[in-house]
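Asker: What follows is a predicted structure for the sequence shown.
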Amino acid sequence: MKYAMDLDGCVVDWDKGFRQVWNRQHPFKPIPARNLHWESPFQDTGLSHTKFWKWIDEEGVYWNLPPCENSVAVMKTLIRGHDVWYVTNRHPVSEEVTLQWLKSYDIEAPVLHTSDKWEVDADIYVDDNDGNLYRYVTAHPDKSVIRVIRPWNSHICGTLSIYSIAELLG
Ligand SMILES: [Mg+2]
């Protein structure tokens, strides 16, 4: 099976991690530990979308992100038995840090940086973003589209929902 696996929110605990980095840099103005919805990062930090993503890319936040619970073991198993591609909307400037992060956890696989995720051909698509899930279902109605349930997403018709990618090993 070919997997198109999203990174942030599925394999990488982006939410928890960026908040830890932010709070280390702003110890007197800490932000909450968790996102409530898709706009939380911008509302909590007080940064515009543009400034927020500039901070993420320039501060090397990606290097400091923890994996989601159990995701390293799950990815090792998936990569052993399947054709796994990471498909991420991270800015291409983060290509190297992304590869190094995956290497540091020994879960390397090809990484595609694209905002047009639905153009990727796969058997199983895994993501936590409503827009990506909707476009996967629309573009690939005959394939499996799996939503990793997070506070910032909602059920998209045609998707299967899981709480953790560990459920992929079923
Ligand atoms: Mg994601």
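Answerer: Cool, the structure landed.
Asker: ok, the residue in the chain that the ion sits nearest to - contacts?
Answerer: Of the residues in the chain, the one nearest the ion is Gly9, at a distance of 3.6 Å by C-beta to the ion. Glycine gets a C-beta too; all of them are placed from N, C-alpha and C. Gly9 sits next to 15, 68, 127-129, 148, 150, 152 when contact means C-beta atoms under 8 Å, 6 or more residues apart in numbering.
Asker: same thing with Asn70?
Answerer: 164-166 are the contacts of Asn70 under C-beta under 8 Å, 6+ apart.
Asker: would TSV of those residues with neighbour count and distance to the ion be doable?
Answerer: Shown next, in TSV, are the contacts of Asn70 (neighbours: other C-beta atoms under 10 Å; distance: C-beta to the ion, whole Å):
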residue	neighbour count	distance to the ion
Ser164	15	14
Ile165	22	12
Ala166	15	17
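Asker: hang on, the earlier thing: so which of the contacts of Gly9 are in helices?
Answerer: Using DSSP state H, the members of the contacts of Gly9 that fall within helices are Asp15.
Asker: Could you measure from Val72 over to Val11?
Answerer: Counting by C-beta to C-beta, to the nearest Å, the separation of Val72 from Val11 is 8 Å.
Asker: Please name the residues that touch Ser40.
Answerer: So, once contact is read as C-beta under 8 Å, 6+ apart, Ser40 ends up touching 32, 152.
Asker: which residue sits closest to Pro41, ignoring its sequence neighbours?
Answerer: Using C-beta to C-beta, 6 or more residues apart in numbering and skipping residues adjacent in sequence, the residue nearest Pro41 is Phe52, 6.0 Å away.
Asker: Am I right that that neighbour falls within a helix?
Answerer: Yes. Phe52 forms part of a helix when assessed by DSSP: H, G, I helix; E, B strand; the rest coil.
Asker: Please name the residues that touch it.
Answerer: Each residue near Phe52 by C-beta under 8 Å, 6+ apart is listed here: 41-42, 45.
Asker: Write the PyMOL selection for whichever of those are buried.
Answerer: One line in PyMOL is enough to select the buried ones among these; burial here means 16 or more other C-beta atoms under 10 Å:
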select buried, resi 41+45
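Asker: The spatially closest residue to Cys68 that is not a sequence neighbour and Ser115: what is the separation?
Answerer: With C-beta to C-beta, 6+ apart as the criterion, Cys68 has its nearest non-adjacent residue at 4.8 Å, and that residue is Asp13. Asp13 sits 22 Å away from Ser115, going by C-beta to C-beta.
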